[in-house]
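Enquirer: A predicted structure for the sequence below; I have some questions about it.
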Amino acid sequence: MTDTQTPPTPSTLERPRAKIQLHGVGKVYPGSDVPAVADLDLEIPEGEILVLVGPSGCGKSTTLRLINRMIEPTSGRIIFDGEDVTTVDADRLRRRIGYVIQQIGLFPHQTIAQNISTVPRLLGWDKTRTAARVDELLELTGLDPNQYRDRYPKELSGGQAQRVGVARALGGDPEVLLMDEPFGAIDPITRDRLQNEFLRLQSELKKTIVFVTHDIDEAIKMGDRIAILGEQSVIRQFDTPERILAYPVDDFVSDFIGSGSTLKGLNFERVRDLELAADWPIVSVDTDRASARQLYDSSPEKWMLVLDREQRPIRWVQDRHLDDTSIPLDQAGARVEALVAPNATLHDALEEMLLSNAGQAVVVDEKGRCQGILDIERLADVLKRLRSQAKKHYEQLAVAEAAEAAEVLAGAGGTGSNGAGAGH
Ligand code: ADP
């Protein structure tokens with residue numbers, strides 16, 4: 001499965017328009033002969049999370065900072081909403097673009113409220129509007145305003161501070177959010193929670209987001225699309241997480257996603273052993289439109305599954321299909337194409353997911369009745385587990401080898417001293 005193959009054409013997956021385009025963008029740092037970023041063409045899709053992932057030092061952060069011109073490009077052009085912003089006032093550009101970094105850099109002597117209101121104040125909002133926005137953002141990021149607005153950064157845990165960092169970046173309601181390893185410095189359990197919360201938030205906000213990470217599992221989980229970067233930010237593959245996993249274009253990509261030991265593991269895991277995703281909205285074809293709409297709105301997911309009277313999956317629908325009452329639910333939206341049996345392997349499931357408009361597979365029993373939904377986040381969890389098992393295995397091997405080597409050495413030393421002793 002890691003061989004270079006031609007991926008199937010995605011069914012009717014629409015590619016959103018580009019919010020930002022980089023044309024031949026390059027950066028050579030002063031005093032350096034080699035570019036940190038060389039001649040990059042990149043389209044950043046509107047309303048999605050684009051993850052830039054690649055080995056340390058390949059130019060991810062530099063690329064991110066070129067987008068809002070925190071670093072000025074040495075060549076190329078940046079187009080924002082069709083407008084060339086390569087030379088416009090950089091401050092003006094940055095107000096349309098929020099920025100979140102790993103060590104969030106909250107101002108230590110300002111309260112949380114003051115930190116979050118940085119951009120609204122710059123934008124000249126009055127006190128009432130600013131205060132309302134601060135409370136709204138605290139709630140949105142899961143912090144009780146009454147409890148947190150007057151605290152100082154040092155009174156927060158790492159996870160809470162990171163939430164404030166996100167709230168601050170969203171302060172002036174920017175159109176675009178740049179996130180540089182935002183959850184990198186957080187313990188794994190909190191990180192997982194923050195990632196989930198952020199995905200939920202994004203399902204409401206639908207911002208255009210560029211997210212940098214060196215962690216492929218995080219990329220798979222967070223990205224609607226992923227750009228895998230090599231040295232100097234050269235794009236090695238740009239696609240959806242599912243398609244990158246199933247069809248890495250070359251050895252660089254397959255090495256990077258760890259396909260050798262972990263992707264193969266998907267052949268040995270079965271759908272029935274997984275806990276399926278619980279967040280997906282599922283309705284019966286007989287559900288009235290208002291109830292279906294209510295369920296859809298309360299879910300973070302972008303698609304809703306419609307079942308027939310025998311519980312068999314028939315359609316995937318979205319917002320616009322729910323609005324158009326002239327078409328009954330059993331004919332609206334897109335046909336359900338990706339179906340998997342509980343005893344299918346996860347590799348089969350991944351291949352099926354590629355067929356689906358919605359990017360996920362519906363698990364069905366032998367009568368075709370819906371048992372649940374398998375999505376890329378679930379698969380990312382499995383990959384993460386497989387990767388950490390593989391790592392442990394190699395660590396144990398390394399320890400065993402080291403012990404063996406030590407024994408051999410000790411043996412050699414022993415013989416030597418015996419030999420020396422025998423000589424006396
Ligand atoms: P990544 O985010 O992928 O780890 P960076 O964008 O930080 O990569 O760095 C890309 C390359 O540019 C590296 O070789 C790094 O040493 C170099 N670099 C980064 N920042 C600077 C700087 N301010 N001055 C000079 N070289 C830099």
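Expert: Received it, and whenever you're ready, just let me know what you need. Numbering: from 1, shown residues only.
Enquirer: from the ligand, how far off is Ala134?
Expert: No Ala there; residue 134 is Val. Using CB to the nearest ligand atom, to the nearest Å, Val134 is found at 31 Å from the ligand. C-beta: built from backbone N, CA, C; applies to glycine.
Enquirer: my guess is that residue meets Tyr148, correct?
Expert: No. Shown here, Val134 and Tyr148 do not form a contact pair, counting by CB atoms under 8 Å, at 9.8 Å.
Enquirer: what do those two both touch?
Expert: Among the neighbours of Val134, none is also in contact with Tyr148 (CB atoms under 8 Å, 6 or more residues apart in numbering).
Enquirer: ok, the most centrally placed residue in the chain to Arg95 distance?
Expert: Most central in the chain under CA atoms, centre = their mean is Met222, positioned 1.5 Å from the mean C-alpha point. Distance, Met222 to Arg95, by CB to CB, to the nearest Å: 25 Å.
Enquirer: got it, and Val166?
Expert: Taking CB to CB, one finds Val166 at 17 Å from Arg95.
Enquirer: of these two, who's got more company?
Expert: Counted by other CB atoms under 10 Å, Val166 and Arg95 do not tie: Val166 has more neighbours, with 24 against 16.
Enquirer: is it true that the more buried one lies in a strand?
Expert: No. Looking at Val166 with DSSP: H, G, I helix; E, B strand; the rest coil, it is helix, so not inside a strand.
Enquirer: for it, give me its contacts.
Expert: Val100, Thr141, Pro182, Phe198, Leu201.
Enquirer: of those - the most surrounded one?
Expert: That'd be Pro182 among the contacts of Val166, by other CB under 10 Å, with 27 neighbours.
Enquirer: follow-up on the earlier one: run through the contacts of Val166 and flag the ones next to the ligand.
Expert: The overlap between the contacts of Val166 and the neighbours of the ligand (CB under 6 Å from any ligand atom) is empty.
Enquirer: among those residues, which are in strands?
Expert: Val100 (DSSP state E).
Enquirer: beta-bridge partners for the closest residue to the ligand within the stretch 101-250 of the chain, please?
Expert: Nearest residue of the stretch 101-250 of the chain to the ligand, counting by CB to the nearest ligand atom: Val212, 6.5 Å away. Counting by DSSP bridges, Val212 is bridged to Leu52, Asp180.
Enquirer: hang on, it packs against Lys60?
Expert: Yes. Between Val212 and Lys60 there is a contact under CB under 8 Å: 4.5 Å.
Enquirer: anything in contact with each of these two?
Expert: Leu52, Val53, Asp180.
Enquirer: and Leu22, what are its bridge partners?
Expert: Applying DSSP bridges, one finds that Leu22 bridges with Leu42, Ile78.
Enquirer: also the one 4 residues further on?
Expert: According to DSSP bridges, the residues that bridge with Gly26 are Ser75.
Enquirer: what is the burial count for it?
Expert: That count, for Gly26 with other CB under 10 Å as the rule, works out to 18.
Enquirer: circling back to that earlier point, among the shared contacts of Val212 and Lys60, which ones are buried?
Expert: Among the shared contacts of Val212 and Lys60, the ones that count as buried by 16 or more other CB atoms under 10 Å are Leu52, Val53, Asp180.
Enquirer: Arg312: which of these is nearest?
Expert: Val53 (37.7 Å; CB to CB).
Enquirer: that closest one and Pro328, how far apart?
Expert: In terms of CB to CB, Val53 sits 42 Å off from Pro328.
Enquirer: please look at the residue nearest to the centre of the chain and Thr213 and confirm they touch.
Expert: Yes. With contact defined as CB under 8 Å, Met222 counts as touching Thr213 (7.4 Å).
Enquirer: hey, what's in contact with both of these two?
Expert: Joint contacts of Met222 and Thr213 (CB under 8 Å, 6+ apart) are Val51.
Enquirer: of all the shared contacts of Val212 and Lys60, which comes closest to Leu409?
Expert: Taking CB to CB as the measure, Leu409 lies nearest Val53 of these, at 40.9 Å.
Enquirer: I'd say that closest one and His214 touch.
Expert: Yes. Val53 lies in contact with His214 (CB under 8 Å); the separation is 6.7 Å.
Enquirer: quick check: neighbours shared by these two?
Expert: Lys60.
Enquirer: who's in contact with Asp217?
Expert: Asp217 neighbours (CB under 8 Å, 6+ apart): Ala380, Leu383, Lys384, Arg387.
Enquirer: could you dump these into CSV with neighbour count added?
Expert: Formatted as CSV, these follow (neighbours: other CB atoms under 10 Å):
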residue, neighbour count
Ala380, 21
Leu383, 26
Lys384, 19
Arg387, 19
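Enquirer: next step: those residues restricted to helices.
Expert: Among those, DSSP state H puts Ala380, Leu383, Lys384, Arg387 in helices.
Enquirer: the residues you listed into JSON lines, with extra columns for distance to the ligand and pLDDT?
Expert: As requested, those are exported to JSON lines (distance: CB to the nearest ligand atom, whole Å; pLDDT from 0 to 100):
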{"residue": "Ala380", "distance to the ligand": "21", "pLDDT": "84"}
{"residue": "Leu383", "distance to the ligand": "22", "pLDDT": "84"}
{"residue": "Lys384", "distance to the ligand": "21", "pLDDT": "82"}
{"residue": "Arg387", "distance to the ligand": "20", "pLDDT": "78"}
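Enquirer: now for these, which pair is the farthest apart?
Expert: Ala380 and Arg387 (10.3 Å).
Enquirer: okay, and for the protein, where does confidence drop off?
Expert: The model of the chain has pLDDT under 70 over residues 1-14, 103-104, 259-261, 393-394, 412-424.
Enquirer: the ligand contacts on that one?
Expert: Tyr29, Ser32, Ala36, Gly54, Ser56, Gly57, Cys58, Gly59, Lys60, Ser61, Thr62.
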